[in-house]
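> Everything below, folded, please.
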Amino acid sequence: MNEHSLIVPRRARYYTLGTPSEQVQDLWIVCHGYGQLARYFLRHFAVLDNGNTLIVAPEALSRFYLDGFSGRVGATWMTKEDRFSEIEDQASYLNLLLQEQLMQLPENVRVTVLGFSQGGATVSRWLATESIKIHRLILWAASFPEDIDFTTGKAAFTNLPVAMVYGTQDEFITPETLERKQQLMAQLGIVPRVYTFEGGHTLHPETLQLVNEQL
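This is a model prediction of the structure:
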């Protein structure tokens, strides 16, 4: 049995808060976590919708029923199956999305990339493998991926302000996982600013505002 693959065109869905214009000073690309949908995830960023900010939430390309064979639907960025192809497809998707947004915005717009949970690993891989100019990276309740190429990926994070944010009651964040993430980041020269809030595996509007003001 031989395995083959085809590159096919397909539709990728994304949602926005704000309107592209010459007045936009900040562009945010925000990637949701496992089992979420972009339109609901984007609601967490309403606090940033100030008339000078455009927030774009791409939705992962694979969707599935969250419970059984019907009902609520979620999306996932990748699984262990054919993961390298999925990583490449993600990068192509996010590159195209970013380019499309930048074409509609002033040249000096500030670009912030935020990844929540599984979306944090997704954006980290994307930035490590592509020559993309962004200004800030926010990893929220996210696991920094161990399969990043530390040879080529280091340049992508040089002098890039990075924030690591998590809730103190997040069941997925333990002292051991936190230490491991920081060790991986250190190999890339990343010393993140760490923010915490009282809460679990979720976003937190007040902390989001604080990171936006300080990072």
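> tell me which residues in stretch 189-196 are buried?
I190, P192, Y195 (16 or more other Cβ atoms under 10 Å). Backbone N, C-alpha and C define where each C-beta goes, glycine included.
> tell me the contacts of the first one?
I190 sits next to F157, L160, V162 when contact means Cβ atoms under 8 Å, 6 or more residues apart in numbering.
> how close does it get to I134?
14 Å (Cβ to Cβ, to the nearest Å).
> and what of the second one?
In this structure, P192 and I134 are 15 Å apart, going by Cβ to Cβ.
> since we're on E88, how many residues are nearby?
Burial of E88 is recorded as 13 neighbouring residues (other Cβ atoms under 10 Å).
> Secondary structure element holding it?
Counting by DSSP states H and E, the element that carries E88 is helix 83-102.
> For that helix, C-alpha coordinates in CSV please.
Only the C-alpha atoms of helix 83-102 are listed here, as CSV (Å, rounded to 0.1, in the frame of the first residue of the first chain):
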residue,chain,number,x,y,z
ARG,A,83,0.9,16.1,11.7
PHE,A,84,3.7,17.5,9.4
SER,A,85,1.3,18.1,6.6
GLU,A,86,-1.1,19.8,8.9
ILE,A,87,1.6,22.0,10.3
GLU,A,88,2.5,23.1,6.7
ASP,A,89,-1.2,23.7,5.9
GLN,A,90,-1.6,25.8,9.0
ALA,A,91,1.4,28.0,8.1
SER,A,92,0.1,28.5,4.5
TYR,A,93,-3.4,29.4,5.9
LEU,A,94,-2.1,31.8,8.5
ASN,A,95,0.4,33.4,6.1
LEU,A,96,-2.4,34.1,3.6
LEU,A,97,-4.7,35.4,6.3
LEU,A,98,-2.1,37.8,7.6
GLN,A,99,-1.1,39.1,4.2
GLU,A,100,-4.7,39.7,3.3
GLN,A,101,-5.2,41.8,6.4
LEU,A,102,-2.0,43.8,6.1
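> Show me which parts of it are buried, residue by residue.
Buried residues in helix 83-102 (16+ other Cβ under 10 Å): E86, I87, D89, Q90, A91, Y93, L94, L98, Q101.
> Just the buried residues of whichever helix or strand comes after it, please?
Downstream of helix 83-102, the first helix or strand assigned by DSSP H and E is strand 110-116. By neighbour count on 16+ other Cβ under 10 Å, the buried set for strand 110-116 is V111, T112, V113, L114, G115, F116.
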